[in-house]
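Colleague: 3D, please:
(one chain, ligands or ions: 1)
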Amino acid sequence: MAQKIKRGDTVLVIAGDDRGTISKVKRVFPKKKTAIVENVRVVKKHMRARQPGEVSGIVEMEAPIHLSNLMLVCPHCSEPTRVGFRIREDGTKVRYCKQCQEDIDE
Ligand SMILES: [Zn+2]
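Modeller: Below is the predicted model of the structure:
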């Protein structure tokens, strides 16, 4: 299965507490079908310094969110969109926006 959402994408959160938030994908875990999105599902974690230089206290971290709760925001038309795939003449697979039909990948 080709990946619809990749690191660096701008996404809209469509479910959960952060619904309506538009932010950037920091990491994708394809096997778990989850992603870490900037400032989405922020959880506070209590950390204890184990090594010199580490900070102890409360650290804010983003928890993974399921990919089905995210929608890609097209860089061309700026609309949340469904993603399609097409093969270029050189054989590379690219994602495209089903709204404006523009390629999302370079
Ligand atoms: Zn578009």
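Colleague: just checking, what packs against the strand or helix carrying Met71?
Modeller: Secondary structure from DSSP states H and E places Met71 in strand 70-73. Packing partners of strand 70-73 (3 or more C-beta pairs under 8 Å, 6 or more residues apart in numbering; DSSP states H and E): strand 10-13, strand 80-81. Every residue, glycine included, has its C-beta placed from N, CA and C.
Colleague: among the ones you listed, which is nearest the ion?
Modeller: Comparing the helices and strands packed on strand 70-73 against the ion with C-beta to the ion, the closest turns out to be strand 80-81 (5.5 Å).
Colleague: helix, strand or coil for Arg7?
Modeller: Arg7 falls in the coil class when you classify it by DSSP: H, G, I helix; E, B strand; the rest coil.
Colleague: any idea how far it is from the ion?
Modeller: To the ion, Arg7 is 19 Å away according to C-beta to the ion, to the nearest Å.
Colleague: before we move on, what about Gly53?
Modeller: Where the ion is concerned, Gly53 sits at a distance of 45 Å (C-beta to the ion).
Colleague: ok, which residues in the chain are in contact with the ion?
Modeller: Contact residues (C-beta under 5 Å from the ion) of the chain with the ion: 74, 76-77, 97, 99-100.
Colleague: Highest neighbour count among those?
Modeller: In terms of neighbour count, Cys74 stands highest of the residues of the chain next to the ion at 23 neighbours, by other C-beta atoms under 10 Å.
Colleague: Excluding chain neighbours, give the residue nearest to that one in space.
Modeller: Spatial nearest neighbour of Cys74, excluding adjacent residues (C-beta to C-beta, 6 or more residues apart in numbering): Cys97 at 4.1 Å.
Colleague: Run through the bridge partners of that neighbour.
Modeller: With DSSP bridges as the criterion, Cys97 is bridged to Val83.
Colleague: tell me the contacts of it?
Modeller: Counting by C-beta atoms under 8 Å, 6 or more residues apart in numbering, Cys97 touches 72, 74, 76-77, 79, 81, 83-84, 103-104.
Colleague: how about 6 Å then?
Modeller: Contacts for Cys97 (C-beta atoms under 6 Å, 6 or more residues apart in numbering) come out as 74, 81, 104.
Colleague: Next: Ile5.
Modeller: 67, 70, 72.
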